[in-house]
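Novice: below is the structure, and that's it, no one-letter string:
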Ligand SMILES: Cc1ncc(COP(=O)(O)O)c(C=O)c1O
């Protein structure tokens, strides 16, 4: 039996590959940590094509690891039967709901209701739909900042002003000021929505029970709808743990998630929303059937396979990521501020102590030949920072960190 990584290596340049045999029950390491710059590319996706020749991409939140064998097998098995899916006109139907609920119960002890699950093509779409249905232009939305860049542009393009909840350094980690948020909400009665990204992108914080309880109390007091983006939940490192916000405030919470981050499936276009508030469910159900489209059939197959059979692969990935998040701390110079994340494969790097002549991401792209995400695109609190994606093998990680350190040493 061949692992799928062997098949990828054997077919590196085509735009698709057809592994002839692989074993979904493999207990091996999937070869994930063996990728080198010579074997990883060329890749056709955005992450690698945007970086260009000779530049190591460490920006957009895709991992370098090839698809889990169980997922590839599921996609290939369905590839001969691509007619309209049976849930075409009803995004609340279909097989995702039960599997999502089972996964939430097993991993997080959350008894999600399959009848409250609605499928979307991606989390960005789901957020925009929910904002469109539950808020009006001009009404503010509270969110921790810095924030995942597409959400910053969503607020601007939809005219939902941002009520910023700044993440501030707190010892070895990040925190936010609940009292300040309470005061800001009192001063902004038109803000009735909290977008809670937990685990948080870009800082990698997994919010604690105490923090989430404080947010739940504020949500009750200020009558907030909580839009909880928990897409990074499966990438939480022990002893930190992920607590679904819906377990604290079920009737006020819409939870968004997807298998795309933990299982590296950004291209499959499939996400779910668990809509707790009955009024929001009714509004969503009243929308015309085709208005928001429906997820791709193969995206649904990939998601089902990931959630049912992908965990051995995910465990291996988590072991590599756990090692890498520490490697960043060990190998970057002390002049770069870095707080080891509780979750995600994203490091939020502070270059303000270095007095760089330009945006750190621009500087590192040119001088280190490593592409990070530019801090200012994450909104308030982003200047002087850059986000490092460390979801790659040991050899590639070591090379990227060595290039960054050398470029900084030449300053
Ligand atoms: C917090 C967060 N939400 C949503 C997304 C994007 O999800 P999707 O591709 O399903 O829109 C990302 C991608 O990195 C993310 O980090």
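Specialist: Everything's here; your move. Keep in mind it's a predicted model, so treat the numbers as computed, not measured. Numbers count the residues shown, from 1 in each chain.

Novice: for residue 292, which non-adjacent residue is spatially closest?
Specialist: Leaving aside its chain neighbours, residue 292 sits nearest to residue 129 (5.5 Å; criterion: Cβ to Cβ, 6 or more residues apart in numbering). Glycine gets a C-beta too; all of them are placed from N, C-alpha and C.

Novice: the helix or strand hosting that neighbour - contacts with which helices or strands?
Specialist: Using DSSP states H and E, residue 129 sits within helix 123-134. Applying 3 or more Cβ pairs under 8 Å, 6 or more residues apart in numbering; DSSP states H and E, one finds that helix 123-134 contacts strand 117-120, helix 149-157, strand 193-197, strand 225-229, strand 253-257, strand 271-275, helix 278-285.

Novice: could you dump these to CSV with distance to residue 211?
Specialist: Formatted as CSV, the helices and strands packed on helix 123-134 follow (distance: least, Cβ to Cβ, whole Å):
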stretch, distance to residue 211
strand 117-120, 26
helix 149-157, 19
strand 193-197, 10
strand 225-229, 13
strand 253-257, 15
strand 271-275, 21
helix 278-285, 24
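
Novice: now for these, which one comes closest to residue 85?
Specialist: Shortest distance between residue 85 and the helices and strands packed on helix 123-134, using Cβ to Cβ, is found for strand 117-120: 9.9 Å.

Novice: wait, does that closest one contact the ligand?
Specialist: No - Strand 117-120 lies apart from the ligand when judged by Cβ under 6 Å from any ligand atom; the minimum separation is 8.0 Å.

Novice: picking up where we left off before, the helix holding residue 129 vs the ligand: in contact?
Specialist: Yes - applying Cβ under 6 Å from any ligand atom, one finds helix 123-134 touching the ligand at 123-124.

Novice: picking that back up, for the helices and strands packed on helix 123-134, which one sits closest to residue 388?
Specialist: It's helix 149-157; of the helices and strands packed on helix 123-134, that one is closest to residue 388 (Cβ to Cβ) at 14.7 Å.

Novice: who touches residue 63 in this structure?
Specialist: Residue 63 is in contact with 264, 317, 345, 389, 391-392, counting by Cβ atoms under 8 Å, 6 or more residues apart in numbering.

Novice: which of those residues sit farthest apart?
Specialist: Longest span within the contacts of residue 63, Cβ to Cβ: 317 and 389, 13.4 Å.

Novice: hmm, residue 340 and residue 329 touching each other?
Specialist: Yes - counting by Cβ atoms under 8 Å, residue 329 does reach residue 340; the two are 5.6 Å apart.

Novice: the stretch 101-250 of the chain: strands as residue ranges?
Specialist: 117-120, 141-145, 162-166, 168-170, 173-175, 193-197, 225-229 (DSSP state E, counting those that start in this stretch).

Novice: list the buried residues in the biggest helix by length in the chain.
Specialist: Secondary structure of the chain per DSSP state H: the longest helix is helix 311-331. By neighbour count on 16 or more other Cβ atoms under 10 Å, the buried set for helix 311-331 is 311-314, 316-318, 320-321, 324-325, 328.

Novice: closest to residue 70 among these?
Specialist: Using Cβ to Cβ, the buried residues of helix 311-331 come closest to residue 70 at residue 313, 7.0 Å.

Novice: ok, now which ones touch the closest one?
Specialist: Contacts of residue 313 (Cβ under 8 Å, 6+ apart): 30, 68-70, 263.

Novice: do the same with residue 229
Specialist: Residues in contact with residue 229 (Cβ under 8 Å, 6+ apart) are 123, 127, 148, 195-198, 256-257.

Novice: tell me the bridge partners for it.
Specialist: residue 197, residue 256 (DSSP bridges).

Novice: measure it to the ligand for me?
Specialist: According to Cβ to the nearest ligand atom, to the nearest Å, residue 229 stands 5 Å off from the ligand.

Novice: related to what we said a few turns ago, out of the contacts of residue 313, which are inside helices?
Specialist: Per DSSP H, these map to helices at 69-70.

Novice: verify the contact between residue 402 and residue 330 for me.
Specialist: No - with contact defined as Cβ under 8 Å, residue 402 does not reach residue 330; the gap is 11.9 Å.

Novice: please identify the buried residues of the helix holding residue 129?
Specialist: Neighbour-count burial for helix 123-134 [16+ other Cβ under 10 Å]: 123-131, 134.

Novice: equivalent analysis for stretch 289-296, please.
Specialist: For stretch 289-296, the neighbour count (16+ other Cβ under 10 Å) marks 292, 294-296 as buried.

Novice: touching that stretch from outside, list them.
Specialist: 85, 87-91, 96, 119-121, 125, 129, 268-271.

Novice: just the buried residues out of those, in PyMOL syntax.
Specialist: Buried residues within those, by 16+ other Cβ under 10 Å, are selected in PyMOL with:
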select buried, resi 85+87+91+96+119+120+121+125+129+268+269+270+271
